[in-house]
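A.B. asks: Mind looking at a prediction? Sequence and model below.
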Amino acid sequence: MLDPYKIRQDFPILKRKINNHPLIYFDNAATTQKPKQVIEAIKEFYENHNANVHRAIHTLSQESSELYENAHEEVAKFINADGMKEVIFVRGTTEAINLVAYAWGLRNLESEDEVLVTLMEHHSNIVPWEMLSKIKGFKVKYAEVNDDGTLNYESLENAISHNTKIVCLSHVSNVTGVITDVKRVAKIAHEYGALVLVDGAQSVPHLPVDVKDLDIDFFAFSGHKMLGPTGIGALYGKRGILEGMEPFHGGGSMIKEVTFNTMTRECAISLNDLPWKFEAGTPNICGGIGLMAAVRYLNDIGMENVKEHEEILTEYTIRRMHECEKVKIYGPEDASLKCGILPFGVEGLSSHDVALFLDSYGIMIRSGFHCAQPLHEKFRLKSSARASFYIYNTREEIDRLIEALKEIER
Ligand SMILES: Cc1ncc(COP(=O)(O)O)c(C=O)c1O
């Protein structure tokens, strides 16, 4: 088991007071706080190694290139990918999904095709497909979600057909925390010859992920939701698929050669190797290095321990929330089905009122529809309040949340 009190010592921001109360940070699904190991890794890079990567022959550039490549390797190992050729660094989950939509979808989807998503997706796994469908004319279909927030696998099986070219779904819902059996979905999708893109924004930070075992084709996640800096994330792709794809962005670093024939006045381009063919321009070097430090930090704790800790906190919160007469929990109440994300409402109050009141007690939660409006519409909710936990949260903090909720009720 992990020790949140020991872990808290590594997070300078947790020493802050907000509105004269010790900060309680329960908005981890939006972004997590950063340990000093990540902050130091970024500082160390800028103080000692800063140079552009893959360009110059000088020592600093060699050092920064090596660090940046090591970051790819360590991220690959973290999700059990086959090395850095399968891991493209991007700005985050949103950019990773857009990369698949425009690098793969633009060339491989035609008007008779279908893209299958689910009703529980974050907007970043809906909007790129809806936008692309306006250009290519294919249909976007939506698999249903059950009333408790779990995926309706039957609806997914009914919606899939030989016209389905890709199934896009989240591993963990950012609204309910429900974990979807993506291995099961991948098996179904592959039987129909469809690819599978998994949005791992809420799973990689919270549970062990093995992309080989899941047998998925693409996997997208964000560094800032797993202790890393903002502006960095990764797209995993099976090597054979990535090799067959054309790049999304063009520019420096993603090419081997750009030759110009002065006789014919034609330009010829040869593409760089993976993963660089998808990383045009100067990348977020220090972001990658910060993400490597985050991965090391999580490895030291152990992802099984992260998952267990969140399950304990979630189970405890659900139990204690039942003491509050006007608090309604949304989604399943079995903590073992979930990561540490808990949506709820307080009778008679908007989610923003609840969040503002809790803020006055130094408690940070999210309110609104969390970029997942279709799921809120399905639940007939205008919005929800959402508490989401991480490795540094404690039972005492949950006790304070419950006290504050009782105060709201009063
Ligand atoms: C499930 C899910 N997908 C995608 C995203 C988008 O991530 P980012 O804003 O880092 O690109 C989020 C962010 O909240 C998310 O929770």
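C.D. replies: Yep, that arrived. Numbering: from 1, shown residues only.
A.B. asks: Tell me how many other residues surround the closest residue to residue 217 other than its chain neighbours.
C.D. replies: For residue 217, ignoring the flanking residues on the chain, the nearest one in space by Cβ to Cβ, 6 or more residues apart in numbering is residue 195 at 4.3 Å. Every residue, glycine included, has its C-beta placed from N, CA and C. As a burial measure, residue 195 scores 22 neighbours (other Cβ atoms under 10 Å).
A.B. asks: Over to the one 5 residues further on?
C.D. replies: The burial metric for residue 200, expressed as a neighbour count using other Cβ under 10 Å, is 32.
A.B. asks: Give the full set of residues in contact with residue 329.
C.D. replies: 318, 321, 342, 343, 344 (Cβ atoms under 8 Å, 6 or more residues apart in numbering).
A.B. asks: beta partners of the residue nearest to the second one when sequence neighbours are not counted?
C.D. replies: Closest residue to residue 321 apart from its sequence neighbours, by Cβ to Cβ, 6+ apart: residue 327 at 5.2 Å. Beta bridges link residue 327 to residue 346, judged by DSSP bridges.
A.B. asks: Look up how far residue 4 lies from the closest residue to residue 303 other than its chain neighbours.
C.D. replies: Of all residues not flanking residue 303 in the chain, residue 208 sits nearest, at 4.1 Å (Cβ to Cβ, 6+ apart). In this view, residue 208 and residue 4 are 19 Å apart by Cβ to Cβ, to the nearest Å.
A.B. asks: before we move on, what about residue 146?
C.D. replies: With Cβ to Cβ as the criterion, residue 146 and residue 4 are 32 Å apart.
A.B. asks: Who has more neighbours out of those two?
C.D. replies: residue 4 (18 against 15).
A.B. asks: and the more buried one, what pLDDT?
C.D. replies: pLDDT for residue 4: 98.
A.B. asks: Can you name the residues that contact it?
C.D. replies: Residue 4 neighbours (Cβ under 8 Å, 6+ apart): 309, 391, 392, 393, 394.
A.B. asks: Also residue 231?
C.D. replies: 91, 92, 223, 224, 284, 287.
A.B. asks: Quick check: closest non-adjacent residue to the residue of the stretch 301-410 of the chain found nearest the ligand.
C.D. replies: Residue nearest to the ligand within the stretch 301-410 of the chain: residue 371 (5.9 Å; Cβ to the nearest ligand atom). With Cβ to Cβ, 6+ apart as the criterion, residue 371 has its nearest non-adjacent residue at 4.5 Å, and that residue is residue 123.
A.B. asks: For burial, what's the neighbour tally of the residue nearest to residue 237 when sequence neighbours are not counted?
C.D. replies: The shortest distance from residue 237 to any residue other than its chain neighbours is 5.1 Å, reached at residue 218 (Cβ to Cβ, 6+ apart). Residues lying near residue 218 (other Cβ under 10 Å) number 24.
A.B. asks: Quick check: the gap between residue 218 and the ligand.
C.D. replies: In this view, residue 218 and the ligand are 13 Å apart by Cβ to the nearest ligand atom, to the nearest Å.
A.B. asks: Now do the contacts for that residue.
C.D. replies: Per Cβ under 8 Å, 6+ apart, neighbours of residue 218: 96, 100, 104, 195, 196, 197, 198, 235, 236, 237, 238, 241.
A.B. asks: Would you mind naming the residues that bridge with residue 151?
C.D. replies: Under the criterion used (DSSP bridges), residue 151 bridges to residue 145.
A.B. asks: what residues are up against it?
C.D. replies: 118, 120, 143, 145, 169, 178, 180, 181, 185.
A.B. asks: So which residues on the chain come close to the ligand?
C.D. replies: 29-30, 92-94, 122, 124, 170, 174, 199, 201-202, 222, 371 (Cβ under 6 Å from any ligand atom).
A.B. asks: Figure out how far stretch 74-91 is from the centre of its chain.
C.D. replies: Counting by Cα atoms, centre = their mean, to the nearest Å, stretch 74-91 is centred 14 Å from the centre of its parent chain.
A.B. asks: Quick check: buried residues in it?
C.D. replies: 74-76, 78-79, 81, 84-91 (16 or more other Cβ atoms under 10 Å).
A.B. asks: got it, and stretch 200-217?
C.D. replies: Neighbour count says stretch 200-217 has 200-207, 209, 211, 214, 216-217 buried, by 16+ other Cβ under 10 Å.
A.B. asks: thinking again about what came up before, would you mind measuring from the residue nearest to residue 217 to the ligand?
C.D. replies: On the measure of Cβ to the nearest ligand atom, residue 195 and the ligand end up 18 Å apart.
A.B. asks: Can you report phi and psi for that residue?
C.D. replies: Main-chain torsions, residue 195, degrees, to the nearest 10: phi -80, psi 160.
A.B. asks: What's opposite it in the beta bridge?
C.D. replies: residue 166.
A.B. asks: please begin residue numbering at 624 from this point
C.D. replies: Okay, residue one is now 624; in that scheme the one you just asked about reads as residue 818.
A.B. asks: wait, isn't it in contact with residue 792?
C.D. replies: No. Between residue 818 and residue 792 there is no contact under Cβ atoms under 8 Å: 11.8 Å.
A.B. asks: thinking again about what came up before, any chance of JSON lines for the buried residues of stretch 697-714, columns pLDDT?
C.D. replies: JSON lines is the format used below for those (pLDDT from 0 to 100):
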{"residue": "697", "pLDDT": "98"}
{"residue": "698", "pLDDT": "98"}
{"residue": "699", "pLDDT": "98"}
{"residue": "701", "pLDDT": "98"}
{"residue": "702", "pLDDT": "98"}
{"residue": "704", "pLDDT": "98"}
{"residue": "707", "pLDDT": "98"}
{"residue": "708", "pLDDT": "98"}
{"residue": "709", "pLDDT": "98"}
{"residue": "710", "pLDDT": "98"}
{"residue": "711", "pLDDT": "98"}
{"residue": "712", "pLDDT": "98"}
{"residue": "713", "pLDDT": "98"}
{"residue": "714", "pLDDT": "98"}
